[in-house]
Each structure stands twice: as structure tokens, then as C-alpha cells.
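K.L.:
Here is my input; please provide its structure:
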Amino acid sequence: MSSAPTGPTAEGSLGRPARPAGYWERVIRIVDQAPPLTDEQRARIRTAFHQPKEAAA
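P.N.:
As a prediction, this is how the structure comes out:
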């Protein structure tokens, strides 16, 4: 995990660490252009985040 601060930045946007100008706009633009996830991809992601704590360690 990153140790970057997640508090308010100079712009006042909560939860976004300070980045170069236009960084988050570029990220959003790239994500918007990506194809949607398939049902199989969504299932794999959901499974990864819903592992029991013992199995995740």
C-alpha cells in the first residue's frame, strides 16, 4: 500500500493525495475509455476482496 496522505489537499478534495496538475483528470479519462469488465472479471475481483481474513494473510 502507498503511504501517501489521503487527507485534504491544497485544492480541498478529500481523499486524493497531491499530484501534478491534471493527474486525476487524466486518470478519469483513461478509465472512461476502458472497456467494461466481463462478468468473470467482476467475479474474480469480488472473490479477491471477500476472502476470509485467515485466507487473505
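
K.L.:
shaky segments in the protein?
P.N.:
Under the criterion pLDDT under 70, the flagged ranges of the chain are 1-14, 16, 55-57.

K.L.:
Which residue ranges of this protein form helices?
P.N.:
For the chain, the helices defined by DSSP state H occupy 23-33, 39-49, 53-56.

K.L.:
For G15, which of these is the nearest?
P.N.:
helix 23-33 (10.7 Å; Cβ to Cβ). Where you see a C-beta, it was placed from the backbone N, CA and C, and this is true even at glycine.

K.L.:
list the helices and strands the closest one packs on?
P.N.:
Helix 23-33 sits against no helix or strand, with contacts defined as 3 or more Cβ pairs under 8 Å, 6 or more residues apart in numbering; DSSP states H and E.

K.L.:
May I see the helices of the chain arranged in JSON lines, with mean neighbour count and distance to P17 as well?
P.N.:
Listed next are those as JSON lines, based on neighbours: other Cβ atoms under 10 Å; distance: least, Cβ to Cβ, whole Å:
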{"stretch": "helix 23-33", "mean neighbour count": "10", "distance to P17": "10"}
{"stretch": "helix 39-49", "mean neighbour count": "10", "distance to P17": "22"}
{"stretch": "helix 53-56", "mean neighbour count": "7", "distance to P17": "25"}
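
K.L.:
Let's have those helices in CSV, adding distance to G15.
P.N.:
Shown next, in CSV, are the helices of the chain (distance: least, Cβ to Cβ, whole Å):
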stretch, distance to G15
helix 23-33, 11
helix 39-49, 19
helix 53-56, 23
